[in-house]
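*Asks:* mind folding the following:
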Amino acid sequence: MNKTLLLWAVLSAFVLPVRAADGADESIYSREFILKLMHRVNDYQKAHPRMKPDDRNWERATWYTGVMQAWKATGDKRFYDQAVQWGRLHQWQVGTEKCGANRLFCVNTWLELHAVENDKSMVEPVVKWLNTKAPNSPAGAKRWYLENDYSYADALYGSAALVMLTRITGDRKYMEILDAFWKDLTAELLDKEEGLFYRDKRFIARRSPNGKKVIWSRGNGWVIGGVARILENLPADSPRRGFYADLLRTMAASLARRQQDDGLWRPNLADPDHVPVKESSGSGFFCYAIAWGVNNGVLDRDACLPVVRKAWAGLVQCVSREGRVNFGQPVGDQPRAVQLEQTHEYVTGTFLLAAAELYRAARPPRPD
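*Replies:* Model prediction:
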């Protein structure tokens, strides 16, 4: 038995189903509750944008991946119409970031909409850009995903767009680009002993004030969230599924061991005392990806469902009456202090991702 399977066997034996944190009852796992909370959170973000109206960068794009998952889970057309409006505003162009991989974040939404609309204008700009010989495009550089001359784990999140492009165009080169990207960063940044990723090479030898490794929570959130999105879009018979499914299992097992009593994770996964406060954006990603794995049979339900339920209970406690998702670490690249009222558009996005999978897992309401 390999180490990952052994760990799940231990977890299955000792982790018991949990009730909601802070006295919340089972209603937080109901579809009615989840849908209302999704709208409250999303409506708050629409009323309190953090980026400029014409932004389509990674912060806003992450929010919209959550919006799209909310629509796909619930069928609520309000989410769908919101995403279409955003795409039309930007005429389906790639992102504006310097890092080429980040330019794919918004493209994920365009291609998910294409699956419904079958509108080639949603695809043409990204195909054109990917074929442009530039230092931040696969046609122009082998390591087109660098920022400041080094690779970093966050960039992996948007790469599911390459799987979707393969399906839409039939061109296998996009899968080759995807595999090279993931294998390069996995070889460089995955700590095999921890089953988790360093944010970038600067942190491999770095230690916290307590002498422990520095493994950033949200950095791993981008990775495991990206893995789930790739698996969602890969054909069931794809020979590539094994690599990504094994990575999801490895990371989920490691994360389960590091979940705190309140259901959430701390900014430094290797040292919860480094920044001893809960953090919602990384936790939202973890809840989403592990729940996706349970819902789709990739992860063991008995071992992982308690982790998901406990994480969701913790995330619910982060939402203010107005719908603001609190305790979201600001833009950064490493563990930092987090204040209660800190939030961002990407924090809302990770919450919606998690909520969508909890909605899928919940039993439909009984007919009247």
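
*Asks:* I'd guess residue 175 is in a strand, am I close?
*Replies:* No - according to DSSP: H, G, I helix; E, B strand; the rest coil, residue 175 belongs to no strand; its state is helix.

*Asks:* going forward can the numbers begin at 26, since that is how I track them
*Replies:* Got it, first residue is 26 now, which makes that one residue 200.

*Asks:* dump the residue contacts of residue 368.
*Replies:* Residue 368 is in contact with 75, 349, 350, 351, 353, counting by CB atoms under 8 Å, 6 or more residues apart in numbering. C-beta here means a position set from N, CA and C on the backbone, and glycine is covered the same way.

*Asks:* which of the residues you listed ranks first by neighbour count?
*Replies:* residue 353 (26 neighbours; other CB atoms under 10 Å).

*Asks:* that residue - nearest residue in space that isn't next to it in sequence?
*Replies:* residue 372 (3.2 Å; CB to CB, 6 or more residues apart in numbering).

*Asks:* what sits against that neighbour?
*Replies:* Counted by CB under 8 Å, 6+ apart, residue 372 has contacts 305, 306, 309, 350, 353.

*Asks:* go on, residue 120?
*Replies:* Here residue 120 is in contact with 81, 82, 83, 86, 127, 128, 129, 130, 131, 132 (CB under 8 Å, 6+ apart).

*Asks:* let's see 7 Å
*Replies:* 81, 82, 83, 86, 127, 128, 130, 131 (CB atoms under 7 Å, 6 or more residues apart in numbering).

*Asks:* please enumerate the helices of the stretch 76-225 of the chain.
*Replies:* Assigned by DSSP state H, counting those that start in this stretch, the helices in the stretch 76-225 of the chain fall at 83-99, 102-115, 130-142, 149-155, 185-194, 198-214.

*Asks:* all strands for this protein, in order.
*Replies:* Applying DSSP state E to the chain gives strands spanning 215-216, 221-222.

*Asks:* nearest to residue 97 among the contacts of residue 372?
*Replies:* Lowest distance from residue 97 to these (CB to CB) belongs to residue 309, with 17.0 Å.

*Asks:* that closest one contacts residue 377, correct?
*Replies:* No - using CB atoms under 7 Å, residue 309 makes no contact with residue 377, being 8.3 Å away.

*Asks:* for stretch 132-147, the distance to its chain's centre please.
*Replies:* 20 Å (CA atoms, centre = their mean, to the nearest Å).

*Asks:* now do stretch 127-135
*Replies:* 13 Å.

*Asks:* picking that back up, go through the contacts of residue 120 and say which is closest to residue 299.
*Replies:* Closest to residue 299, out of all of these and judged by CB to CB, is residue 83, at 25.0 Å.

*Asks:* for residue 50, report the pLDDT, please.
*Replies:* Note on residue 50: pLDDT of 76.

*Asks:* repeat for residue 42
*Replies:* 34.

*Asks:* same thing with residue 76?
*Replies:* 95.

*Asks:* so who does residue 308 touch?
*Replies:* The neighbours of residue 308, taking CB under 7 Å, 6+ apart as the test, are 289, 290, 336, 339, 340.

*Asks:* for residue 132, see how far away it is.
*Replies:* Distance of residue 308 to residue 132, given as CB to CB, to the nearest Å: 26 Å.

*Asks:* the nearest residue to residue 337 once chain neighbours are set aside: neighbour count?
*Replies:* Spatially, and ignoring its direct neighbours in sequence, residue 337 is nearest to residue 383 (5.2 Å; CB to CB, 6+ apart). Residues near residue 383, counting by other CB under 10 Å, number 28.

*Asks:* repeat that for residue 160.
*Replies:* Around residue 160 there are 11 residues (other CB under 10 Å).

*Asks:* that one contacts residue 166, doesn't it?
*Replies:* Yes - judged on CB under 7 Å, residue 160 makes contact with residue 166 at a distance of 5.0 Å.

*Asks:* want to throw the contacts of residue 120 into a markdown table with distance to residue 245, neighbour count and pLDDT?
*Replies:* As requested, those are arranged in a markdown table below (distance: CB to CB, whole Å; neighbours: other CB atoms under 10 Å; pLDDT from 0 to 100):
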| residue | distance to residue 245 | neighbour count | pLDDT |
| --- | --- | --- | --- |
| 81 | 25 | 26 | 97 |
| 82 | 21 | 18 | 97 |
| 83 | 16 | 27 | 98 |
| 86 | 19 | 28 | 98 |
| 127 | 17 | 23 | 98 |
| 128 | 22 | 28 | 98 |
| 130 | 17 | 31 | 98 |
| 131 | 22 | 29 | 98 |
